[in-house]
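Chemist: have a look; sequence and predicted model below, questions after that.
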Amino acid sequence: MTPLSLALAFSGGAALTGLTISALRQAAQLLTGEELLPEGPPPPVPAEWLFYGGARPEVSGWPPKSVLAVFGLKNLPASVVRQVVATSQIVGVPVDTLAAVIAHESGWKPHALYFRDKNDDGTPRKTPFVAAGLCQLTTAAHLEGFDTWEKVKAVASWSVERQLAEVVLPLWYKYRGLSGAHPGHGLMLNFLPDKAGESPETVLGEKGAAGFSGKVYSMNRGFDPTKKGTITIADVYASAARVCRAAKGVRVLASGKLWVPRTRPQNAPAKPTAAPLQLATHTTPAAKAEPPAEPSVDKPAAANQPAPSVTAPGPTSTVSTLAPVTDSNPLPVSTVAAQTALVSSMLEHVKEPATKPAPPLEPSPKPTLLTSVESNVSMSSTPTVKLTDPSRGLLLAAIRSGTEEPVTWVDLPWEGRGVTAGMRLTLKVSAHAVRAPVHVDGMGTLLLRLPVTYREQLEICRLRRWFPLTQSISDAIWFAARRMSPVTLGKWDTPEHQKESSRKMGTVEWSVQFNEKLDSQIPLGGWNRLWAPEGKEWIVHPKIAQRGKSGAVNYGLHGADGAPIQPPGTAHDWEHWDYSQTLRAMQWEGTDPTGAKVSVLDVLRKVGMPKEILAPFSAI
């Protein structure tokens, strides 16, 4: 008898709110026995799971009967680990998703409690707002037996085992059968289930908005570290990903032992967007729980301390949570210094490059200073420029004369989002932003990533049969790539500094500095691999139409958390350039899972991208 059949037999097919601890413990006992650990590396995971580095899609984990060692779980008894696996088998949701959501919400602290009995103005609330326990349960979850705040508050006094049986199990049984639900989707089910499954760009909360949207933002503004004024589903995904990545692929077995796969987990694509890099700022008082002191396998404890998040109660909210418990967003800490330390420690986790299988290292062909012997780049028509000269037009001139550096193509798995959801292609993208040789007066010939205007990019794409990136493809590149720290130049703190930086940002001097800072991050032998970010991209985006013919949208420079420094922006027209506005090449067609060639242009046409935006590429 499987744990699932045992549990259903015990409940007589009735609502699972009637399950008791003893029944779930019986199911968990079936998971004991000898652990047969695999000798090889983990099997591959679907593309959408790569974002959640180390998390597995198998309902019972991989190896079977194991759970990702998310924050707070690995110090609990082995019986709890088996109970978690049994719960996942009953509800049919991946055990790593279930474990990550609980770690996010409470850090696996059963006594986590969020209690608010006053309004913003200090007046008493008619009914206190309470979120309690492992899942930060509220009355808005409409779970049988928890219809008053007093009953919800009592959950915080229960043991982990009791909450798994009487709260977690019936709560997640509503979502039974979601066998492919990745941690981000699981967190949405626990956060705002009515929005789960919508496009990652869907806005959940907006600063200053009236009604429910405004409440969501004000109570979860830590999801908006760049202060863009909105919180999206992508932000929720990224927050869940941090919890998973902090475990570094380490798993807890049914015996309670820790196990590390032979190779590290992949840390790559899915959804790259903002997630909280600081404690969420709430309109409600912070939970009273102290930050847990649980170190990761090889990082300081501060790096993994999760944090609570709050969902504004409202008619569309099913489960209300505290501020996201992630390695970047720990349980309430009282000082700014503590928050800063947590962020710094978190960044050390995220900065680790993806470790997916890669070809053997080869000698790097990337020295900045070149001679005709050192590179296969033609320098017969290399222009001579001064550091003070504008950098505009240099790459286009190289493309026209065929003197640019030959592109190193790499395969990029891409899965569509939003209107392109369900589309899967393997695309060919350049390992680096396109470079060309430039003879700089007094410095010799340098091979540089050169900036382009969007207007220039249109011509380059036609000449080379390339296609611009989209936002989701740019995100996929960052998550699949070896990570680099984004390079920004200049000072912008005073009007004088702003004027000087604005004057230099389009010069050859700043392009040289930009390249030096990027090249210093690429180790010898690593040049033929995909690296990012290497600048911002001009992307194909519906917002281009806002400026008419001269419209353009730039995007990118992803930070360590996957959030772009530059969200899709329309501040510049198609004549703008600066040192960081580089060109990442992409071939105009990809390969679908059947092996058939598919035009990216046709994909965008079918999903309704405005004709005027796609018109320049119709000749490709």
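Modeler: It's in. Bear in mind that the values here come from a model prediction, so they are computed numbers and not experimental data.

Chemist: could you use CA atoms for every contact and neighbour count after this?
Modeler: Fine.

Chemist: now do the same end-to-end measure for stretch 451-469.
Modeler: Using Cα to Cα, to the nearest Å, one end of stretch 451-469 lies 15 Å from the other.

Chemist: how about stretch 582-600?
Modeler: End-to-end distance for stretch 582-600: 21 Å, by Cα to Cα.

Chemist: next one: stretch 198-214
Modeler: 19 Å.

Chemist: next: stretch 191-202.
Modeler: From start residue to end residue, stretch 191-202 stretches across 14 Å - Cα to Cα.

Chemist: could you pull up the mean pLDDT of that stretch?
Modeler: The average pLDDT for stretch 191-202 rounds to 87.

Chemist: what of stretch 218-237?
Modeler: Per-residue pLDDT over stretch 218-237 has a mean of 83.

Chemist: ok, stretch 517-531 next?
Modeler: For stretch 517-531, mean pLDDT rounds to 87.

Chemist: and stretch 568-583, by the same measure?
Modeler: For stretch 568-583, the mean per-residue pLDDT is 94.

Chemist: and if you look at stretch 169-177?
Modeler: Mean pLDDT, stretch 169-177: 82.

Chemist: that stretch: how far from the chain's middle?
Modeler: 25 Å (Cα atoms, centre = their mean, to the nearest Å).

Chemist: do you know how far K227 is from P567?
Modeler: K227 is 11 Å from P567, by Cα to Cα.

Chemist: so between those two, which is more surrounded?
Modeler: The neighbour comparison of K227 against P567 (other Cα atoms under 10 Å) goes to P567, with 19 against 12.

Chemist: element containing the more buried one, please.
Modeler: strand 564-569 (DSSP states H and E).

Chemist: can you pull the buried residues of that strand?
Modeler: Buried positions in strand 564-569, judged by neighbour count with 16 or more other Cα atoms under 10 Å: P564, I565, P567, P568, G569.

Chemist: check the secondary structure at L204 for me.
Modeler: Using DSSP: H, G, I helix; E, B strand; the rest coil, the structure places L204 in strand.

Chemist: shouldn't it be in contact with D235?
Modeler: No: in this structure L204 lies outside contact range of D235 using Cα atoms under 8 Å: 9.6 Å.

Chemist: which one's more surrounded, the two?
Modeler: Regarding L204 and D235, a neighbour count based on other Cα under 10 Å identifies D235 as having more, with 29 against 21.

Chemist: any idea how far the more buried one lies from T226?
Modeler: Separation of D235 from T226 (Cα to Cα): 11 Å.

Chemist: pLDDT below threshold where in the stretch 301-450 of the chain?
Modeler: Residues of the stretch 301-450 of the chain meeting the criterion pLDDT under 70: 301-383.

Chemist: how about a cut-off of 80?
Modeler: Scanning the stretch 301-450 of the chain for pLDDT under 80 picks out 301-383, 417-419.

Chemist: now swap in the stretch 51-200 of the chain and tell me
Modeler: If you take pLDDT under 80 as the line, the stretch 51-200 of the chain has these spans: 116-122, 125, 175-180.
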